[in-house]
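>>> My questions concern the predicted model and sequence given below.
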Amino acid sequence: MAKSGSISVNTENIFPIIKKFLYSDHEIFLRELVSNATDACQKLSALNRMGEFKGELGDLKITIALDTDKKTLTISDNGIGMTEAEIEKYINQVAFSGAEEFVQKYKDKTDANVIGHFGLGFYSAFMVAAKVDIQTLSFQDNAVSSAWSCDGSTEFKITKGKRKTRGTDIILHLAEDSLSFNESFKIKQLLEKYCKFLPIPIEFEGAIINADKPLWMSKPSELKDEDYTAFYQKLYPFAPAPLFWIHINVDYPFNLTGILYFPKIGSAIEADKHKVQLYSNQVFVTDNVKDVLPEFLMLLHGVIDSPDIPLNVSRSSLQSDANVKKITTHISKKVADKLSDLFKQNRTDFESKWSNIDLFVKYGMLSDEKFAEKAKEFCLLTDAQDKSYTIDDYKQNVVSLQTDKSGQLVVLYTNHLEEQYAYVKAAESRGYSVLKLEGPLDNHFTAYLEQHNDKLQCKRVDADALDKLIPHDKIETALLSDDQVKQLTELFEKGKQRADLTIVAEALSVSEPLITVTESEYDRRMRDMSKMNGFNMFGDMPIKYQGVVNTNHAKAKALLDLNESDAQVLIKKAISLALLSKGLLKGADLNQFVQTEFEKL
């Protein structure tokens, strides 16, 4: 007998209803309805295993049919079906979720894993449909087919149905403002996006959409390297092969599975927040996982799947929850453990991959204290000769030569080997080691090294004259008198021709250059950090350089013996050479210097 009524909405539990504002992204209606169909099939399979359904199970399947002429989209399954009473309970009373109740009822009898504990998914149909019909027949003995129809208002009709076989058809009569979904390519695109790893076969236009197996659901012991790389290529068809991967499989105190891949990251920060895909029981939820993964882990690629990550009613964003924090911590620990194992098992191979994971490891150390504690074991420092060290090994290697008179261990580094080559070679000629810290995070990483290692200071190799970068107890004997030093300083001040260059005279080792152009380590580091963080607080301040004149250089005394005109020619050339070595001789000054030198040939 036909029946009419109003849908019961339990606002205490859920929402002020349906229509267009429940979901921010209308396309997910198909995900929700296919997820419900998957639930229906899995429920029947579970009842069959428990002996509560003794009929012929057959091949469980979901079929999607689009009739572009009638503007209808039908989602059909041969799962558990519904009785009229169940339609009343699960469709007309919006606050209930059939999947949740099913799990509660049978939780002690089966490992049945059903998706739809979110509820409300069915009503996403009204985002795109002017009218929704249901044709359904329950699996129960002597069940009678039922039909339900609603035009998006709270009014509905239940009548005798037409379905002859077990299962449910959801028929959407597409609304005029949603006819973009009346296109086969669009439906196929959405099915492949959201449903390609669901456990029940999904057929559309004669083809199975979800033929690929969700590799993360397999046991790691059952898989070979080729399985992981092949799966990666399916996820990211145009990406180069990954370096390595982590297979996560946790069932206590939360459920979490997944595979995280390490791509070749290189030297640029490309924290793409859409490379790790989040699933819930094999249903794609989002690729915006900033609330599940720390930002440094978003440099990775792959899949994570957890029914324990709480989602809002539309599954489009994550809710704040203690489980999320536990999962985040666990993933970070697993990544650190994997890197530690790789380092210990084959250090040579790890070193060969270091240039591709250097940025990732340092990003993690700068942003996650627990990760940093573990990473100290495998974080590598590479010197200008391309030799790699752990942090502790490097400190031991340089401590004898590079400890200054105050007991500070001085770590010399270059952030651009080609530009600072002359400074690096000068340091190496003294037996000093120079690290290559050329990455985008290394300005912050030098500060990290200083903060986490007692009495250690990092100095860029061109920040000062070598004798001043690592000052020792030995005091160089001044070879010029105070008056001669003053006279020499005045000559260089007159010849510098740059307002941003301050001349400072120092009695340095005779092997030091006549003049070295330097920039304060502190000022440069603050300016670089400011730029990287998107600020410009140092941007308007003029950059200041020092011209350190070595009064003990053999040419220093010789300059004083020349007439001023001849001395200025040599001084200007010396300053130009020092600026050129620093990469500061540019434009008209560089052109003039080159032309002058050519004329002397």
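In hand now; what should we look at? Since we're looking at a predicted model, the values are computed, not measured.
>>> all helices of the stretch 1-150 of the chain, in order?
For the stretch 1-150 of the chain, the helices defined by DSSP state H, counting those that start in this stretch cover 29-50, 84-87, 98-106.
>>> Let's have those helices in JSON lines, adding distance to residue 77, mean neighbour count and mean pLDDT.
C-beta coordinates here come from the backbone N, C-alpha and C atoms, glycine included. Output for the helices of the stretch 1-150 of the chain, formatted as JSON lines (distance: least, C-beta to C-beta, whole Å; neighbours: other C-beta atoms under 10 Å; pLDDT from 0 to 100):
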{"stretch": "helix 29-50", "distance to residue 77": "4", "mean neighbour count": "23", "mean pLDDT": "92"}
{"stretch": "helix 84-87", "distance to residue 77": "15", "mean neighbour count": "18", "mean pLDDT": "91"}
{"stretch": "helix 98-106", "distance to residue 77": "13", "mean neighbour count": "17", "mean pLDDT": "51"}
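>>> now for these, which one comes closest to residue 548?
Among the helices of the stretch 1-150 of the chain, the nearest to residue 548 by C-beta to C-beta is helix 29-50 (66.7 Å).
>>> Extract the CA atoms of the closest one and return them as PDB.
Presented in PDB, the C-alpha positions along helix 29-50 are these (Å, rounded to 0.1, in the frame of the first residue of the first chain):
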ATOM      1  CA  PHE A  29      27.700  12.700  -4.200                       C
ATOM      2  CA  LEU A  30      28.900   9.800  -6.300                       C
ATOM      3  CA  ARG A  31      31.500   8.800  -3.800                       C
ATOM      4  CA  GLU A  32      28.900   8.700  -1.100                       C
ATOM      5  CA  LEU A  33      26.400   6.700  -3.000                       C
ATOM      6  CA  VAL A  34      28.900   4.200  -4.300                       C
ATOM      7  CA  SER A  35      30.300   3.800  -0.700                       C
ATOM      8  CA  ASN A  36      26.700   3.000   0.500                       C
ATOM      9  CA  ALA A  37      26.400   0.400  -2.300                       C
ATOM     10  CA  THR A  38      29.800  -1.100  -1.200                       C
ATOM     11  CA  ASP A  39      28.500  -1.200   2.400                       C
ATOM     12  CA  ALA A  40      25.400  -3.100   1.200                       C
ATOM     13  CA  CYS A  41      27.500  -5.700  -0.500                       C
ATOM     14  CA  GLN A  42      29.900  -6.100   2.400                       C
ATOM     15  CA  LYS A  43      27.100  -6.500   4.900                       C
ATOM     16  CA  LEU A  44      25.600  -9.300   2.900                       C
ATOM     17  CA  SER A  45      29.000 -11.000   2.600                       C
ATOM     18  CA  ALA A  46      29.500 -10.700   6.300                       C
ATOM     19  CA  LEU A  47      26.100 -12.200   7.000                       C
ATOM     20  CA  ASN A  48      26.900 -15.000   4.600                       C
ATOM     21  CA  ARG A  49      30.100 -15.800   6.500                       C
ATOM     22  CA  MET A  50      28.200 -15.900   9.800                       C
END
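>>> so what secondary structure elements neighbour that helix?
Packed against helix 29-50, as judged by 3 or more C-beta pairs under 8 Å, 6 or more residues apart in numbering; DSSP states H and E, are the following elements: strand 62-67, strand 72-77, helix 98-106, strand 167-174, helix 184-194, strand 283-286.
>>> looking at the ones you listed, which one has the lowest mean pLDDT?
In terms of average pLDDT, helix 98-106 trails the rest of those, at a mean of 51.
>>> Turn the helices of the stretch 1-150 of the chain into JSON lines, columns for distance to residue 139.
Converted to JSON lines, these look like this (distance: least, C-beta to C-beta, whole Å):
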{"stretch": "helix 29-50", "distance to residue 139": "6"}
{"stretch": "helix 84-87", "distance to residue 139": "11"}
{"stretch": "helix 98-106", "distance to residue 139": "13"}
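>>> right, and these - which one's nearest residue 290?
helix 29-50 (20.7 Å).
>>> correct me, but residue 335 touches residue 246?
Yes: counting by C-beta atoms under 8 Å, residue 335 touches residue 246, with 6.2 Å between them.
>>> The two - which one has more neighbours?
Between residue 335 and residue 246, counted using other C-beta atoms under 10 Å, residue 335 has the larger neighbour count: 26 against 19.
>>> got the phi/psi numbers for that one?
Taking degrees, to the nearest 10, you get phi -60, psi -40 for the backbone angles of residue 335.
>>> What's the separation between it and residue 275?
According to C-beta to C-beta, to the nearest Å, residue 335 and residue 275 sit 15 Å apart.
>>> low-scoring stretches of this structure, by residue?
1, 5-24, 93-120, 266-274, 310-321, 529, 531-541 (pLDDT under 70).
>>> mind redoing it with 50?
Along the chain, the model assigns pLDDT under 50 to residues 9-22, 95-99, 102, 106, 110-119, 313-315.
>>> Centre-most residue in it?
Centroid check for the chain by C-alpha atoms, centre = their mean gives residue 298 as the closest residue, at 1.6 Å.
>>> my guess is that residue is in a helix, correct?
Yes: going by DSSP: H, G, I helix; E, B strand; the rest coil, the assignment for residue 298 places it inside a helix.
>>> isn't it right up against residue 289?
Yes: assessed by C-beta under 8 Å, residue 298 is found in contact with residue 289 at 6.9 Å.
>>> Residue 410: neighbouring residues, count only.
That count, for residue 410 with other C-beta under 10 Å as the rule, works out to 18.
>>> Over to residue 369?
Counted with other C-beta under 10 Å, residue 369 comes out at 9.
>>> Same question for the one 4 residues further on.
Number of residues near residue 373 (other C-beta under 10 Å) recorded here: 12.
>>> And residue 379, by the same measure?
Neighbours around residue 379, by other C-beta under 10 Å: 23.
>>> any idea which element the closest residue to it other than its chain neighbours lies in?
Of all residues not flanking residue 379 in the chain, residue 361 sits nearest, at 5.4 Å (C-beta to C-beta, 6 or more residues apart in numbering). Assigned by DSSP states H and E, residue 361 belongs to helix 347-367.
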